[in-house]
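**Student:** Give me a 3D structure for the following:
(chains A and B)
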Amino acid sequence: MNCSELITTFLADYLEGHLPPDTLADFEHHLDVCASCVAYLRSYRETITLAAGAGVVPEDIPEELVAVILETVGR
Amino acid sequence: MNAREQEHALVERLRAGDPAAFETLVRTHMPALLRVARRMMHSEEDARDAVQDAFVSAFRSIGKFDAGAQLSTWLHRIVINASLMRLRTQRRHPEEDIEEHLPRFREDGHQSPASEPWPETAQTLLERAEIREVVRAAIDRLPDNYREVLVLRDLEELSTDEVARALGVTANAVKVRLHRARQALRSLLDPYMRPVTT
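**Tutor:** Residues are numbered from 1 along each chain as shown, chains lettered A, B, ... in the order given. Purely as a prediction, here's the structure:
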């Protein structure tokens, strides 16, 4: 397995725990010898955490929006 | 009366056309619906329009609500659909080409350039407001059909099948788009995450 196959083809299934045993062994062997793919895998995982964490937005009740909605449905 | 019984009673009042019941529904579920819409849409104005669409749609279709389901789940699906409908009608042109942000490889399959480690963890980085803003801006740069999948899977935490149903695509298409969206987002964030070398 090379970097392209690891990142493009197998990475997503690896994170889901869906790689068959032989492919998983090849995947992990590549990580043992490739610092670039180790860095890529870690930063890919951090990207998922960053997206979820940065996506936190305020949860409020804008009164003007409530008023427009109630008016629209005639309440 | 427990929460489930309260919700059941609210649905009955909505079906009976009780004016106060709809306002209760709006006030109770507005924060969650606005959160979803703000993640999906590009502007606050569009997010509020999508929430308005969603509540109006819910008001008109409360008769179809399955009494065995949860109101919050039903409304969540409605606001996602309302947001998607609005995004479909206002697709940005030209969108960024996601290929530009995917990793590159040499003919022998090696990464080129090689990836460098990010010295700080995401949890540490998220404590900084400017990093949260960088991440939000990077998500917003993704082409809509990739951003939608990323928001629904990684932020709203829908299952692959739920996203596939919402978008009307196959589960495999969701998996492919999600992986490409994460790869592109990683590339967009990479310059901000590595130490500056002088």
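**Student:** for the closest residue to chain A within chain B, what are its contacts?
**Tutor:** Chain A sits closest to B:Gly109 of chain B, with a gap of 3.0 Å, by C-beta to the nearest C-beta. Heads up, the C-betas are built off the backbone N, CA and C, glycines and all. By C-beta atoms under 8 Å, 6 or more residues apart in numbering or on different chains, the residues touching B:Gly109 are A:Asn2, A:Cys3, A:Ser4, A:Glu5.
**Student:** Report the secondary structure state of B:Ala67.
**Tutor:** coil (DSSP: H, G, I helix; E, B strand; the rest coil).
**Student:** Give the helix, strand or coil label for B:Pro119.
**Tutor:** Note that with three-state DSSP, the state of B:Pro119 is coil.
**Student:** Just the element for the residue of chain B closest to chain A, please.
**Tutor:** Counting by DSSP states H and E, B:Gly109 is held by no secondary-structure element, helix or strand.
**Student:** what about the longest helix in chain A?
**Tutor:** helix A:35-54 (DSSP state H).
**Student:** Next one, pLDDT for residue 66 please.
**Tutor:** If you meant another chain, say so; for now it's chain A. For A:Val66, the pLDDT comes out at 95.
**Student:** oops, I was thinking of chain B
**Tutor:** So, for B:Asp66, pLDDT stands at 85.
**Student:** Same check on B:Leu33?
**Tutor:** 93.
**Student:** Closest to the centroid, which residue in chain B?
**Tutor:** B:Val151 (3.1 Å; C-alpha atoms, centre = their mean).
**Student:** Do you have the helices of chain A handy? List them.
**Tutor:** Using DSSP H, the helices of chain A run over A:3-4, A:11-16, A:21-33, A:35-54, A:63-72.
**Student:** which residue packs closest to the residue of chain B closest to chain A, ignoring adjacent ones?
**Tutor:** Spatial nearest neighbour of B:Gly109, chain neighbours left out: A:Asn2 (3.0 Å); criterion: C-beta to C-beta, 6 or more residues apart in numbering or on different chains.
**Student:** residue contacts, the residue nearest to A:Tyr44 when sequence neighbours are not counted?
**Tutor:** Distances taken as C-beta to C-beta, 6+ apart put B:Arg186 closest to A:Tyr44, at 5.5 Å, once the chain neighbours are dropped. Contacts for B:Arg186 (C-beta under 8 Å, 6+ apart) come out as A:Tyr40, A:Ser43, A:Tyr44, A:Thr47.
**Student:** buried ones in the helix or strand B:Arg60 falls within?
**Tutor:** When elements are assigned from DSSP H and E, B:Arg60 belongs to helix B:44-61. By neighbour count on 16 or more other C-beta atoms under 10 Å in any protein chain shown, the buried set for helix B:44-61 is B:46-59.
**Student:** Alpha carbons of it, as CSV, please.
**Tutor:** Coordinates of each C-alpha in helix B:44-61 appear next as CSV, following Å, rounded to 0.1, in the frame of the first residue of the first chain:
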residue,chain,number,x,y,z
GLU,B,44,-27.8,34.9,9.3
GLU,B,45,-30.6,36.2,7.0
ASP,B,46,-30.7,33.0,5.0
ALA,B,47,-30.7,30.9,8.2
ARG,B,48,-33.7,32.8,9.6
ASP,B,49,-35.5,32.5,6.3
ALA,B,50,-34.9,28.7,6.4
VAL,B,51,-36.2,28.5,10.0
GLN,B,52,-39.3,30.5,9.0
ASP,B,53,-39.9,28.1,6.1
ALA,B,54,-39.5,25.2,8.4
PHE,B,55,-42.0,26.4,11.0
VAL,B,56,-44.6,27.3,8.4
SER,B,57,-44.1,23.9,6.8
ALA,B,58,-44.5,22.2,10.2
PHE,B,59,-47.7,24.2,10.9
ARG,B,60,-49.2,23.1,7.6
SER,B,61,-48.3,19.5,8.0
